[in-house]
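Asker: Task: produce atomic coordinates for the following.
(chains A and B)
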Number of protein chains: 2
Amino acid sequence: MNPQAFKPQKRVFIIGQASVVGQQERMGPIGDAFDISEKDDFGMDTWEKAEAEMQRLALGCAMSKAGLREGDIDCMLAGDLINQCISSNFGLLDYNIPYLGLYGACSTCAEGMLLGSLLCGGGTGVTRCAAVTSSHYCSAERQFRFPLEYGGQRTPTAQWTVTGSGAFLLSSIPEDAFRNTGAFIPEIVECMPGCAVDRGISDVNNMGAAMAPSAVNTLKRYFESGHSPEEFDWIVTGDLGSEGSAILIDLMHAEGYNIQRNHRDCGKIIYNSEATDKHAGGSGCGCSAVVMAANILTNIMKGTVRDILFLGTGALMNPMSLNQKQSIPGIAHLVKITAAEKSEIEVGQ
Amino acid sequence: MNPQAFKPQKRVFIIGQASVVGQQERMGPIGDAFDISEKDDFGMDTWEKAEAEMQRLALGCAMSKAGLREGDIDCMLAGDLINQCISSNFGLLDYNIPYLGLYGACSTCAEGMLLGSLLCGGGTGVTRCAAVTSSHYCSAERQFRFPLEYGGQRTPTAQWTVTGSGAFLLSSIPEDAFRNTGAFIPEIVECMPGCAVDRGISDVNNMGAAMAPSAVNTLKRYFESGHSPEEFDWIVTGDLGSEGSAILIDLMHAEGYNIQRNHRDCGKIIYNSEATDKHAGGSGCGCSAVVMAANILTNIMKGTVRDILFLGTGALMNPMSLNQKQSIPGIAHLVKITAAEKSEIEVGQ
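Answerer: Reported below is the predicted structural model:
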């Protein structure tokens, strides 16, 4: 396959973003940066409803920050880990906005940004999109592993599903850029959808290893399209954790690329892993979404970093496919985000 | 919310399509029209693997018809009903093509066409997309209702999940149109993503009633954007079945629109319901996909019909959300397809 990156035809800006998290995330090293944190049940009587509520809060907060209402947004791109994506379905039901459901496992945040940037940047009449996703430790444990009451033991390579939801508002209306109050405006300038990559990993407690080869596949294709790691302040992966991150760096080194200096992983950023028993780090759709919203994008907005690659990483499996002896393919979608100078954004055309 | 339809900026043609079905579908009134039919296990040792195999076969058949290879296709848009969309994940794993996962419940066929037309028609570098989806009676029964061995009774309003997969190849390269061997070339000229609509329906054995209001919502918004039912030879819904179709026609009548004459429903077309115990008709992601591929599009290619609206309808729920007393919202994505005259397709620009 040819390397193939796509570029929005019109400039696409991230004009608002919000993060909603639970208690474990609030206590982590970037806990102060999240917009909303509450008790993990978010006042609901089930974990699934709590997760849906996080999405509702996240999109509402992002819209409020950007000064947008329902009728201003052309469509929502959203998905999550729960069967049939009910967190997105029910969480966003309050919003009377056209809804396109995604399933990208933990890569959903990047998939939403990627599709949103191509839709808004494509000249087909779509101008503003929302990308929303979530995960919840308790709903994910029940569905993918064991009910919490079982008290299952965790392995050192296991990751901890983040309780959190992130929402991002994308727009190709130049004036909208100034709804973002940052000194610089995050702009999505290029993207590359990932291929599913199967390296035969079947250990559900080592998702980082299952996902790292897909990140290598996408990064390699991207660099072969005319880029090098040195161009980027940060190369941010979604949720490889400590195990998967080490594998990624090694595999990239074997391919002739050194990303040791600028690699960051949202799963390693969100928790103080050793102190709080989070083992290999955070995971889940919410992991990259809340770290991107609260940490990575804010660094772009402050001008601390100028050019980043964001690779949302996902593991494609369900408990039944594991029982049926299928391996765990991974996927990684790439989005290039740049700090746009306000003075260079042309309005009023 | 404002009515909002989107138009590809470049012309987008459906240049190849394929349908793969099981035995019940093969025996139905349009059984001869499907490209591939096999025993329902498709030679696999689980129903889930059988469903994945159908997707693999469907995309391969569509690519073969259009004379395209992996490297020719920019991305696959695919999803299904099985938890975490494993039918798409594993079915399409053989293809080294970038993969964007969707979850639109039974609306996935229309969602894939809609997104594919906006991506290919958008001037961002994407020129060819595949839209693929599937459902399987046996994997769906096990997951959503009862294992087949239980022998559960069905109600008269219940629908029958179609065992089938459909694949569609979309392209904005004018020369590609002639890969389609029809007398006329199906062209996607407009689309409108649906809003989730919740009317409080909670009867899992009456999905048609849950989905009909969302079809009304989308159709009404579309007609308010400057169209009328009379413009269309057929207004094709995905899988409302006999129950949901009657509700749709009534609700549209109450809104002042008469669609009795030109309404068609894929769920009513696929089975000889009374003779074969299929009750209210077919459903599932595969239902609209295989009927569109084998019947509706071929009528456009022959010139029997010129202008159609295709509304993929989906019910947004899972067994847990039902147990948690949530109702069943519906969603309906709209795609307008027209028979393009070959002489009016400008190539070589």
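
Asker: what about the closest residue in space to A:Leu102 that isn't next to it in sequence, which helix or strand?
Answerer: Sequence neighbours aside, A:Gly79 is the residue nearest to A:Leu102 in space, at 3.6 Å (criterion: C-beta to C-beta, 6 or more residues apart in numbering or on different chains). Quick note: C-beta positions are derived from backbone N, CA and C, even for glycine. Take DSSP states H and E as the rule and A:Gly79 turns out to sit in strand A:75-80.

Asker: same for that strand, what does it pack against?
Answerer: In terms of contacts (3 or more C-beta pairs under 8 Å, 6 or more residues apart in numbering or on different chains; DSSP states H and E), strand A:75-80 is packed against helix A:47-66, helix A:86-91, strand A:99-101, helix A:108-120, strand A:128-135.

Asker: Mind listing residues that contact that strand?
Answerer: By C-beta atoms under 8 Å, 6 or more residues apart in numbering or on different chains, the list of residues contacting strand A:75-80 from outside reads A:51, A:55, A:59, A:85-88, A:91-92, A:95, A:97-104, A:108, A:111-112, A:115-116, A:119, A:126, A:129-135, A:285, B:101, B:103, B:193.

Asker: hey, what's the residue nearest to A:Leu102 bridged with?
Answerer: Counting by DSSP bridges, A:Gly79 forms beta bridges with A:Thr133.

Asker: tell me the strands in chain A, going along the chain?
Answerer: In chain A, the segments counted as strands under DSSP state E are A:12-21, A:36-37, A:75-80, A:99-101, A:128-135, A:160-161, A:164-171, A:184-192, A:234-237, A:263-265, A:282-283, A:307-315, A:330-341.

Asker: right, and the ones you listed - which one's nearest B:Gly267?
Answerer: strand A:99-101 (20.4 Å; C-beta to C-beta).

Asker: Just say which of the strands of chain A is most tucked in.
Answerer: For these, the largest average neighbour count (mean count of other C-beta atoms under 10 Å in any protein chain shown) is found in strand A:282-283, namely a mean of 34.

Asker: Give me the helices and strands touching that strand, please.
Answerer: Under the contact criterion of 3+ C-beta pairs under 8 Å, 6+ apart, strand A:282-283 touches strand A:160-161, helix A:266-269.

Asker: So which residues make contact with the first one?
Answerer: Strand A:160-161 is contacted from outside by A:24, A:81, A:135-137, A:140-141, A:271, A:278-279, A:281-284, A:286-287, using C-beta under 8 Å, 6+ apart.

Asker: where are the low-confidence patches of chain A?
Answerer: Scanning chain A for pLDDT under 70 picks out the ranges A:1-3, A:349.

Asker: Which single residue of it ends up nearest chain B?
Answerer: When C-beta to the nearest C-beta is the measure, chain A has its nearest residue to chain B at A:Gly122, with 2.6 Å between them.

Asker: The nearest residue to that residue once chain neighbours are set aside: neighbouring residues, count only.
Answerer: Spatial nearest neighbour of A:Gly122, chain neighbours left out: B:Gly122 (2.6 Å); criterion: C-beta to C-beta, 6+ apart. The number of residues packed around B:Gly122, counting by other C-beta atoms under 10 Å in any protein chain shown, is 28.

Asker: Roughly how far does B:Gly122 sit from A:Ser343?
Answerer: Per C-beta to C-beta, to the nearest Å, B:Gly122 is found 28 Å from A:Ser343.

Asker: quick one: A:Lys7 and A:Ile188 touch, right?
Answerer: No - the criterion here is C-beta atoms under 8 Å, and A:Lys7 misses it with A:Ile188 at 9.4 Å.

Asker: Quickly list what's touching both of the two.
Answerer: Any residue near both A:Lys7 and A:Ile188 by C-beta under 8 Å, 6+ apart counts here, and that gives A:Gly121.

Asker: Can you confirm whether stretch A:62-70 lies near chain B?
Answerer: Yes - when contact is scored as C-beta under 8 Å from any C-beta of the partner chain, part of stretch A:62-70 falls within range of chain B: A:Glu70.

Asker: Kindly report the same for stretch A:303-310.
Answerer: No - for stretch A:303-310 and chain B, the contact criterion (C-beta under 8 Å from any C-beta) is not met; the two come no nearer than 15.9 Å.

Asker: Residue numbers of the stretch 101-250 of chain A in contact with chain B?
Answerer: A:101-105, A:111, A:114-115, A:118-119, A:121-126, A:192-196, A:198.

Asker: what residues are up against A:Tyr271?
Answerer: For A:Tyr271, the contact set (C-beta under 8 Å, 6+ apart) comprises A:Gln24, A:Glu25, A:Gly28, A:Pro29, A:Trp160, A:Lys278, A:Gly281, A:Gly282.

Asker: same check, this time on A:Leu68
Answerer: Taking C-beta under 8 Å, 6+ apart as the definition of contact, the neighbours of A:Leu68 are A:Gly16, A:Arg128, A:Leu169, A:Arg179.

Asker: give me that answer again for 7 Å
Answerer: When contacts are counted by C-beta atoms under 7 Å, 6 or more residues apart in numbering or on different chains, A:Leu68 touches A:Leu169.

Asker: ok, now the one 4 residues further on?
Answerer: Contacts here follow C-beta under 7 Å, 6+ apart; on that basis A:Asp72 touches A:Arg128.

Asker: same thing with A:Thr46?
Answerer: The neighbours of A:Thr46, taking C-beta under 7 Å, 6+ apart as the test, are B:Gln324.

Asker: A:Ala5 too?
Answerer: A:Ala5 makes contact with A:Glu190, A:Cys191, A:Met192, A:Tyr222, A:Ser225 under the criterion C-beta under 7 Å, 6+ apart.

Asker: how about those residues, which pair is most distant?
Answerer: Distances among these were taken as C-beta to C-beta; the most separated pair is A:Cys191 and A:Ser225, at 11.5 Å.

Asker: one step back: helices - which of the contacts of A:Tyr271 land there?
Answerer: Cross-referencing those against helices under DSSP state H gives A:Gln24, A:Glu25.

Asker: Alright, calling it a day.
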